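A.B. asks: Compute the structure for the input listed below.
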Amino acid sequence: MALTALTRSPAGRRGALAGTVTVTALALVGAALPAPTAAGIGDHLFPQLGNPGYDVRTYDLSFDYDGDNSKPLNSRTVIEAQVTAGPMERFNLDFAGGEVSSVQVDGQPAQHARAGEDLVVTPRTPLRRGARMRVEIRHTSDPTIKNGGWVRTKDGLAMANQADAAHRVFPSNDHPADKAMFTFRVRAPRGLTVVTGGLPTGRSRVGQDTVWTYRMVHPMATELAQVSIGRSTVVRSKGPHGLPLRHVVPTGQRKALEPVLNETSRQIAWMERRAGKYPFENYGLLAAEVETGFELETQTLSLFEHKLLSSRKYPDWYRESLMMHELAHQWYGNSVSPHRWTDLWLNEGHATWYEWAYAAERGGFSVDERARASYEQSDAWRKRYGPPAALFPARKSGKIQLFSPIVYNGSAVVLYALRERIGKEAFARLERAWPRRHRDSTATTADFIKLASEISGKDQSAFLKKWLYGKTTPPMPGHPDWTQKKPAKSPTAKPGTDSAGSARALERHHNHP
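C.D. replies: Residues are numbered from 1 along each chain as shown. A predicted model of the protein is given here:
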């Protein structure tokens, strides 16, 4: 199969970091093997995502950016993984966002072919179970492809990989079940600033360019990676117990955004009283000059539209509650990631819960008002999207409606019902215990039900399964007057709320409109 090179810049100037992509023709050998096919780990909602047979330990990602965000970046991805099944004659990586020039496995050239959105790799010799493998892929990363993970900003690039777009940026095992450590190396022209998730570990000059290096200190799902390239200013401060805060803002916008950024330290302290100590090495907001229609909890550096943060269109409590939503995800969704995408309600339900609670304290509607308005529409949402923990898969020739009202408001209503059943004190203990028990890992809905039963001292299986899997919404404990109806005028139907029709419209994910 011949692969076409993508020439982006004058010869000799770029490519020192990631390697220049060249035309390569690799013929498939090993004719005894069946034809390459796409694989998956059997996720109900994304059956082709993830790959069996190995566990990724580290990603080392290199991107070579020449200042034009309409051109592919020469890139290199190095993956270190442990083989979990063997002997393994070939393996799959998720990748659909560029051209591949070469693949090496343990330093030896390997055959590669495309199958759907997979890159199928055949190493020179089969890999034994328990062995460590090092895979190096030289490729391009195209920021212009449809449903890709790159976001083209006014002056550069940012990332928004959730839920299934990371493999359109770099080869990966693109499923949150396989978290790994990340290193980022980005070469960009002098005058641009590069910031990624994690901590800076180096910066060097190479000709007219700068190479920036960052490293995550905690494991991360591929969907949560962030790389910002642009004419940016980094605003630094300290949060609770000396936590490093760094916000990335467009140069010239610092003064306008600082009052909003200064809320972050107070918000972290607020969340720590409810969920325990902040789980990562640093935190900050990335205020990007782009209109996306969503905000995103990329790990340690949450992505926001800069106009949302500076706008006076909405009340302060509303804007701050959206900041709280993404911050809460650092505990619920990032540190504790969903084992399967059907566990997404644990991410969005908790983030919405704390968004509601924070808004109520800052002058917004009460949690009771938000919960009741959402409860009254829950049956309609279940019918359209599925129950919170059993979302409907995508229809034929369509995309799954993953980020829907039932995942946000409907899931927060489940948490409200659980609090009404077990009491506020037990619920508070549960909320702190969940991110502590599963920190830096993944967890399932069954894990949450088990912990809720343990902490409350009573089996909550039957109760929670009705709320999470039922086609209709159960009666709300303590509120017999709450019914399934659409009110003539809902308190959450005003601008800056998440009632029906919006359901956190500002967090619509670009690949799931």
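A.B. asks: What segments of the stretch 401-513 of the chain are helices?
C.D. replies: Ranges of helices in the stretch 401-513 of the chain, per DSSP state H, counting those that start in this stretch, are 405, 411-422, 424-437, 445-456, 461-469.
A.B. asks: got a markdown table for those helices, with distance to residue 137 and mean neighbour count too?
C.D. replies: Placement of C-beta: from N, CA and C, glycine included. Output for the helices of the stretch 401-513 of the chain, formatted as a markdown table (distance: least, CB to CB, whole Å; neighbours: other CB atoms under 10 Å):
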| stretch | distance to residue 137 | mean neighbour count |
| --- | --- | --- |
| helix 405 | 39 | 24 |
| helix 411-422 | 37 | 23 |
| helix 424-437 | 34 | 17 |
| helix 445-456 | 34 | 19 |
| helix 461-469 | 39 | 17 |
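A.B. asks: I'd like the ones you listed as CSV, with mean pLDDT and distance to residue 70 appended.
C.D. replies: Shown next, in CSV, are the helices of the stretch 401-513 of the chain (pLDDT from 0 to 100; distance: least, CB to CB, whole Å):
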stretch, mean pLDDT, distance to residue 70
helix 405, 97, 35
helix 411-422, 98, 38
helix 424-437, 98, 40
helix 445-456, 98, 42
helix 461-469, 98, 44
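A.B. asks: Could I get the ones you listed in a markdown table, plus columns for distance to residue 82?
C.D. replies: A markdown table is the format used below for the helices of the stretch 401-513 of the chain (distance: least, CB to CB, whole Å):
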| stretch | distance to residue 82 |
| --- | --- |
| helix 405 | 40 |
| helix 411-422 | 34 |
| helix 424-437 | 24 |
| helix 445-456 | 23 |
| helix 461-469 | 33 |
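A.B. asks: Out of those helices, which is closest to residue 200?
C.D. replies: Among the helices of the stretch 401-513 of the chain, the nearest to residue 200 by CB to CB is helix 424-437 (26.1 Å).
A.B. asks: Among the helices of the stretch 401-513 of the chain, which comes closest to residue 350?
C.D. replies: helix 411-422 (6.9 Å).
A.B. asks: How about the contacts made by residue 258?
C.D. replies: Neighbouring residues of residue 258 by CB atoms under 8 Å, 6 or more residues apart in numbering: residue 235.
A.B. asks: For it, give its distance to residue 102.
C.D. replies: Between residue 258 and residue 102 the distance is 46 Å, computed by CB to CB, to the nearest Å.
A.B. asks: Now do the phi/psi pair for residue 380.
C.D. replies: Dihedral pair for residue 380: phi -60, psi -40, per degrees, to the nearest 10.
A.B. asks: the strands in the stretch 101-250 of the chain, which residues?
C.D. replies: With DSSP state E, counting those that start in this stretch as the criterion, the stretch 101-250 of the chain has strands at 108-109, 111-115, 118-122, 132-141, 150-152, 157-159, 181-189, 193-196, 199-206, 209-215, 227-230, 232-238, 244-250.
A.B. asks: about what we covered before: between the helices of the stretch 401-513 of the chain, which gets nearest to residue 301?
C.D. replies: Going by CB to CB, the one of the helices of the stretch 401-513 of the chain nearest residue 301 is helix 424-437, 19.1 Å.
A.B. asks: Check the offset of the closest one from the chain's centre.
C.D. replies: Chain-centre distance of helix 424-437: 23 Å, with CA atoms, centre = their mean, to the nearest Å.
A.B. asks: Could you find the closest non-adjacent residue to residue 67?
C.D. replies: residue 189 (4.7 Å; CB to CB, 6 or more residues apart in numbering).
A.B. asks: can you check residue 289 too?
C.D. replies: Here the residue nearest residue 289, using CB to CB, 6+ apart, is residue 154, at 3.8 Å.
A.B. asks: now residue 482
C.D. replies: Among residues not flanking residue 482 along the chain, residue 476 sits closest, at 4.6 Å (CB to CB, 6+ apart).
A.B. asks: list the contacts for that neighbour?
C.D. replies: By CB under 8 Å, 6+ apart, residue 476 lies in contact with 375, 416, 417, 420, 482.
A.B. asks: max-length helix in this protein?
C.D. replies: Ranked by residue count, the top helix of the chain under DSSP state H comes out as helix 344-361.
A.B. asks: Return the set of buried residues in it.
C.D. replies: 344-360 (16 or more other CB atoms under 10 Å).
A.B. asks: still on that earlier bit, quick check: the gap between the residue nearest to residue 482 and residue 456.
C.D. replies: Distance from residue 476 to residue 456, by CB to CB: 17 Å.
A.B. asks: List the buried residues of stretch 58-73.
C.D. replies: For stretch 58-73, a neighbour-count test (16+ other CB under 10 Å) marks 58-66, 69, 71-73 as buried.
A.B. asks: do stretch 265-281 as well
C.D. replies: Applying a neighbour-count criterion of 16+ other CB under 10 Å, one finds 265, 267, 268, 270, 271, 272, 275, 276, 278, 279, 280, 281 buried in stretch 265-281.
A.B. asks: Looking at those, which is nearest residue 204?
C.D. replies: residue 281 (22.0 Å).
A.B. asks: Test my guess that the closest one contacts residue 217.
C.D. replies: Yes: applying CB atoms under 8 Å as the test, residue 281 and residue 217 come out as touching, 4.2 Å apart.
A.B. asks: overlap in contacts of these two?
C.D. replies: Common neighbours of residue 281 and residue 217 (criterion: CB under 8 Å, 6+ apart): 198, 199.
A.B. asks: So which bits of stretch 284-295 are buried?
C.D. replies: Neighbour-count burial for stretch 284-295 flags 284, 285, 286, 287, 288, 289, 290, 292, 294, 295 (criterion: 16+ other CB under 10 Å).
A.B. asks: Would you mind measuring the gap between the ends of that stretch?
C.D. replies: 13 Å (CA to CA, to the nearest Å).
A.B. asks: Please apply the same query to stretch 355-367.
C.D. replies: 9 Å.
A.B. asks: Burial check on residue 191, number of neighbours?
C.D. replies: Neighbour count of residue 191, defined by other CB atoms under 10 Å: 10.
A.B. asks: you'd agree it is up against residue 229?
C.D. replies: No: Residue 191 lies out of contact with residue 229 (CB under 8 Å); the separation is 11.2 Å.
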